[in-house]
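Colleague: curious how this folds, go ahead:
(one chain, ligands or ions: 1)
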Amino acid sequence: MTNQANDQPTRYVPADLPGRIQHYIGGAFVDSADGATFDVLEPVTNDVYLQAAAGKKADVDRAVAAARDAFVNGPWPRMLPRERSRILHRIADLVESRDARLAELESFDSGLPITQALGQARRAAENFRFFADLVVAQADDTFKVPGRQINYVNRKPIGVAGLITPWNTPFMLESWKLGPALATGNTVVLKPAEFTPLSASLWAGIFEEAGLPEGVFNLVNGLGEEAGDALVKHPDVPLISFTGESSTGQLIFANAAPNLKGLSMELGGKSPAVVFADADLDAAIDATIFGVFSLNGERCTAGSRILVERAVYDEFVERYAAQAQRVVVGDPQDPETEVGALVHPEHYDKVMSYIEIGKSEGRLVAGGGRPEGFESGNYVAPTVFADVPPSARIFQEEIFGPVVAITPFDTDEEALALANGVRYGLAAYVWTNDLKRAHNFSQAIEAGMVWLNSNNVRDLRTPFGGVKASGLGHEGGYRSIDFYTDQQAVHITLGKVHNPTFGKQAAGKPAFGKGA
Ligand code: NAD
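Modeller: The predicted model follows:
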């Protein structure tokens, strides 16, 4: 059970790699107040290649003060949407024009295959373009009560938004929050993931060149429990948009409670792909292979549980396992590579430990460990377990790597119970050509997003988010605009003032009831 490894090329290291990364606060690159740094590793050798400033409370305080000053005194929140939109389009142009550089740095830092990192860089540009257009097209409600009243919505930016992001597709996920937060006139403090701080360090230059006013964007690197925690607890940060693990989300929820912050949480997943016997099996196999092995399986919406109707189960498993073994594992910078190296040795150990657990829970039909020919680096062969019972840990828990569990079912009811029988509810994929079943089944699945006869292809206007342990609230399209703005209702009387008049009785009468 080996995976095809592309020829191991000479190790490719991008030119002009920085040796250290600083914070960016109030328009200037700065070190941590206490001078602390942390090590950043690259996933192919696990060598330390970078020192990043390790932000703590003092650095977060400084960044929030700069962002708050830019919000209260700066031009950004008061600019016309069209003016902000122009700057956002310039940001998108710059990201697009640097896509190759962004991709090589992202791939080097995170281990993502270069072709997929390139796609993510372009998606980041698209996120900015989309929200640049949306704020210009934005219309708010006005309600008329003929002859009496007009009520309108005065939409306002909220203040300093705290953005906390994970290490999988870091640059793209940062754009997903930065785009709408900035488009709506907020100022921000971004705390990127400590495993992958490299691409985030490019935002400052891009924003400066695009003409974003000073202090609107601030970046503090650092560990979650230090820099992230200080941001979550800061009283001058009314909003936290967080993407990461469900357990971190729970902690942030509790830590944000004393200040009653607005929270948006995009959390973990264990999404089912349900394949009925009447499905287009070729398309379903291609999609479910891509669905769990793309982005190294480090993908929140990965279809990491495949439920297959018994009539086609054996054929599906056999074909799926054979194709998984043909997936090309290789150096992340090689354009032929389909699965690169996992982000960090800690994460690698976690994924490998699940593979060992899986060996006693299911039937290993592909992969199962380090692929042949890769003696070092965080490489994992695409791994497939069949006959996995729903009680198995590899069925229930998010592995976040190139590992998939396949389980048979006999009836629609059983398939639905299996699909919904986990704590998560982010995405689901349904494969059937029966129109009624397709809709009824999709609507009954406990998932924030369902794809029918489709891979994970998302229109930016649609809601994005999970239910159950997968998230809180929805972003995407106007929902992101709603999260990052207050909708103040203004009520105006047009006609006669509608006033029940208290205290109308004649002067001199007692003001305390009718008396004894
Ligand atoms: P993580 O929760 O460990 O870290 C995410 C971010 O939170 C990092 O920047 C980290 O430094 C910070 N953080 C950690 N502890 C903190 C604390 N106490 N206070 C404030 N910030 C803190 O997640 P990860 O391992 O970086 O990312 C992988 C997870 O993200 C997976 O569970 C994946 O499913 C999820 N994810 C979800 C989506 C989605 O849209 N639903 C998208 C991508 C990733």
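Colleague: looking at it, residue 34 is touching residue 55, isn't it?
Modeller: No. Between residue 34 and residue 55 there is no contact under CB atoms under 8 Å: 9.8 Å. C-betas here are computed from N, CA, C, even on glycine.
Colleague: who has more neighbours, those two?
Modeller: residue 55 (33 against 11; other CB atoms under 10 Å).
Colleague: for the nearest residue to that one once chain neighbours are set aside, give its distance to the ligand.
Modeller: Excluding the flanking residues, the one nearest residue 55 by CB to CB, 6 or more residues apart in numbering is residue 222, at 3.4 Å. Going from residue 222 to the ligand by CB to the nearest ligand atom, to the nearest Å gives 8 Å.
Colleague: contacting residues for residue 222?
Modeller: 32, 38, 52, 53, 54, 55, 56, 59, 191, 194, 228 (CB atoms under 8 Å, 6 or more residues apart in numbering).
Colleague: gap between the last one and residue 45?
Modeller: Translated: residue 228. Using CB to CB, to the nearest Å, residue 228 is found at 27 Å from residue 45.
Colleague: just the helices in the stretch 151-300 of the chain please.
Modeller: 170-183, 203-210, 229-233, 246-256, 281-293 (DSSP state H, counting those that start in this stretch).
Colleague: between helix 203-210 and the first one, find me the angle.
Modeller: With axes from the mean of the first three to the mean of the last three CA atoms, to 10 degrees as the criterion, the two stretches helix 170-183 and helix 203-210 enclose an angle of 40 degrees.
Colleague: what's the average pLDDT for helix 170-183?
Modeller: Across helix 170-183, the average pLDDT comes to 98.
Colleague: got the CA positions of it in PDB?
Modeller: Coordinates of each C-alpha in helix 170-183 appear next as PDB, following Å, rounded to 0.1, in the frame of the first residue of the first chain:
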ATOM      1  CA  PRO A 170      -3.900  30.900   6.600                       C
ATOM      2  CA  PHE A 171      -3.700  33.800   4.100                       C
ATOM      3  CA  MET A 172      -7.100  32.900   2.500                       C
ATOM      4  CA  LEU A 173      -8.800  32.600   5.900                       C
ATOM      5  CA  GLU A 174      -7.400  35.900   7.000                       C
ATOM      6  CA  SER A 175      -8.800  37.500   3.900                       C
ATOM      7  CA  TRP A 176     -12.200  36.000   4.700                       C
ATOM      8  CA  LYS A 177     -12.300  38.100   7.800                       C
ATOM      9  CA  LEU A 178     -10.200  41.100   6.800                       C
ATOM     10  CA  GLY A 179     -12.300  41.800   3.700                       C
ATOM     11  CA  PRO A 180     -15.700  42.300   5.300                       C
ATOM     12  CA  ALA A 181     -14.300  43.800   8.600                       C
ATOM     13  CA  LEU A 182     -12.500  46.500   6.600                       C
ATOM     14  CA  ALA A 183     -15.100  47.000   3.900                       C
END
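Colleague: counting by contacts, list what that helix packs against.
Modeller: On a contact count with 3 or more CB pairs under 8 Å, 6 or more residues apart in numbering; DSSP states H and E, helix 170-183 meets helix 81-97, helix 99-110, helix 114-137, strand 160-164, strand 187-191, strand 239-243, helix 478-483.
Colleague: export the ones you listed to TSV and tack on distance to residue 298 and mean pLDDT?
Modeller: TSV is the format used below for the helices and strands packed on helix 170-183 (distance: least, CB to CB, whole Å; pLDDT from 0 to 100):
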stretch	distance to residue 298	mean pLDDT
helix 81-97	22	98
helix 99-110	8	97
helix 114-137	11	98
strand 160-164	17	99
strand 187-191	19	99
strand 239-243	13	98
helix 478-483	23	97
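Colleague: residues touching residue 213, list them.
Modeller: 70, 74, 75, 76.
Colleague: among those, which ones are in helices?
Modeller: The helices, defined by DSSP state H, take in residue 70 from those.
Colleague: now list the buried members of the contacts of residue 213.
Modeller: 70, 74, 76 (16 or more other CB atoms under 10 Å).
Colleague: what's the spacing between the first one and residue 233?
Modeller: Distance, residue 70 to residue 233, by CB to CB: 21 Å.
Colleague: neighbours of residue 371, just the number please.
Modeller: 23.
Colleague: swap in the one 3 residues further on?
Modeller: Look at residue 374: counted by other CB under 10 Å, it has 19 neighbours.
Colleague: adjust the sequence numbering to begin at 29 for everything that follows.
Modeller: Yep, numbering from 29; the last one is residue 402 now.
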